[in-house]
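Q: structure of the sequence below:
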Amino acid sequence: MTEVQTSPAAAPAAAGPSEKTGRRSHRREAAAGWLFVLPFAVLLVAFLLLPMAYAFKISLYRSTLIEGEVFAFFDNYKQAIDDPLVREGVVRVLIFGLIQTPVMIGVALLAALLIDAATSRFSRFFRLAAFVPYAVPVVIGTLMWGFLYSDSLGPFSGLGIDFVSSDTVLASLGNITTWQWAGYNMIVLYAALQGLPRETYESAKIDGAGEVQIALRIKTPMISSALVLATLFTIMGTLQFFTEPLILQPLNPGAITQHYTPNVYAYNQAFSFQQYNYSAAISFLLGAVVFIGSYIFLFATRKRSALQ
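A: Numbering: from 1, shown residues only. From the prediction side, this is the model:
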């Protein structure tokens, strides 16, 4: 009977000093990565997740004079769904978004295409000029336009046009948001245009395509992902419409009511009528509308972009 001997080479080799050093280096790199992420994680939890959790908690309660805070489950949400003022505000921002979003994205795309096609030394100046309104705080920009819309102080006071009447205030608010955010969307689209291969343009020019044909049939389809992203951000911002109507409300409280948008209504319910529980429920319902609207848009455009 022969005895089979295992050679030393066949035995599992023990971890050498270099392998142990590599593992320690990997652990240090992982720890360093978590240390870099830690400040953001702390701020995220402290200023977003915990306030949202607290707001959701109080949305499930109802304040009464006799019993104090009483657990109401989803009664506040049912009340918000049945509230005609909430529905009126939601319908208003939906109409606003259906008109505002194409206009803003169209202006941003046109500006991005023009700046991308420009070869003069002034292209940087035009790019900066288009982006400057985004750098202005929303409150300051709205106050500036409020002075321009004023009947007594504005430059259009002699024309007899009331820019904050019930018939025109929505268009006036749309003008402010377009002025404020079109530059941001332009930068997003312009950055996407800068990443396109220039050889494609040269081939199109050799085939006889003009600048307009290149812009519409080559550049625009090739930045469809950036267009979808910019449109998604615009939809989300439109459904959360708040600052502009709140700042302009003193100009015409009859046209810009306390329930003009769901966000304005929730704000007034909380800080004017101390209905914090009901205000939190309205806010979470609005968040659900934003999520559903964004998902529907992404689902409808999934075949035209790389965003899945």
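Q: could you say which helix or strand holds the residue nearest the centre of the chain?
A: By C-alpha atoms, centre = their mean, the chain has its centre lying nearest to residue 233, at 3.6 Å. Here residue 233, judged by DSSP states H and E, is contained in helix 224-239.
Q: can you map out the strands along this structure?
A: Residue ranges of the strands in the chain, as given by DSSP state E, are 61-64, 68-71.
Q: C-alpha coordinates for the first one, CSV please?
A: The one in question is strand 61-64. Only the C-alpha atoms of strand 61-64 are listed here, as CSV (Å, rounded to 0.1, in the frame of the first residue of the first chain):
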residue,chain,number,x,y,z
TYR,A,61,-52.4,63.3,14.8
ARG,A,62,-55.1,65.9,15.3
SER,A,63,-55.0,68.7,17.9
THR,A,64,-58.1,69.1,20.0
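Q: what helices or strands is it leaning on?
A: When contacts are defined as 3 or more C-beta pairs under 8 Å, 6 or more residues apart in numbering; DSSP states H and E, strand 61-64 sits against strand 68-71, helix 276-300. (C-beta placed from N, C-alpha, C; glycine too.)
Q: run the chain-centre distance for it.
A: The chain centroid and the centroid of strand 61-64 are separated by 33 Å under C-alpha atoms, centre = their mean, to the nearest Å.
Q: what sits up against that strand?
A: With contacts defined as C-beta atoms under 8 Å, 6 or more residues apart in numbering, strand 61-64 is touched by 69-72, 75-76, 275-277.
Q: break the chain down into its structural domains.
A: What automatic domain parsing lists as the domains of the chain is 21-59, 75-300.
Q: one step back: between helix 276-300 and the helix holding residue 233, find me the angle.
A: 160 degrees (axes from the mean of the first three to the mean of the last three C-alpha atoms, to 10 degrees).
Q: quick one: mean pLDDT over helix 224-239.
A: Averaging pLDDT along helix 224-239 yields 90.
Q: got the buried residues for that helix?
A: Under the neighbour-count criterion of 16 or more other C-beta atoms under 10 Å, helix 224-239 has 224, 226-235, 237-239 buried.
Q: and the closest residue in space to residue 242 that isn't next to it in sequence, what does it touch?
A: In this structure, residue 242 finds its nearest non-sequential neighbour in residue 263, 3.8 Å apart by C-beta to C-beta, 6 or more residues apart in numbering. Residue 263 sits next to 240-242, 283, 286 when contact means C-beta under 8 Å, 6+ apart.
Q: do the same with residue 144
A: residue 136.
Q: quick one, grab the pLDDT at it.
A: 92.
Q: and for residue 270, the neighbour number?
A: 17 (other C-beta atoms under 10 Å).
Q: do residue 72 as well
A: 19.
Q: again with residue 289
A: Applying other C-beta under 10 Å, we find 16 residues neighbouring residue 289.
Q: what do you get for the one 5 residues further on?
A: Neighbour count for residue 294, taken as other C-beta under 10 Å: 15.
Q: gap between residue 140 and residue 291?
A: Separation of residue 140 from residue 291 (C-beta to C-beta, to the nearest Å) stands at 30 Å.
Q: residue 98: what's it in contact with?
A: Here residue 98 is in contact with no residue (C-beta under 8 Å, 6+ apart).
Q: please repeat the previous calculation with a cut-off of 10 Å.
A: Going by C-beta atoms under 10 Å, 6 or more residues apart in numbering, residue 98 touches 235, 238.
Q: on that earlier part again, and the pLDDT for the residue nearest to residue 242?
A: 94.
Q: wait, residue 302 touches residue 232, no?
A: No - the pair residue 302 and residue 232 fails to qualify as a contact (C-beta atoms under 10 Å) at a distance of 11.9 Å.
Q: pLDDT below threshold where in this structure?
A: For the chain, the stretches with pLDDT under 70 are 1-20, 22, 119-121, 303-308.
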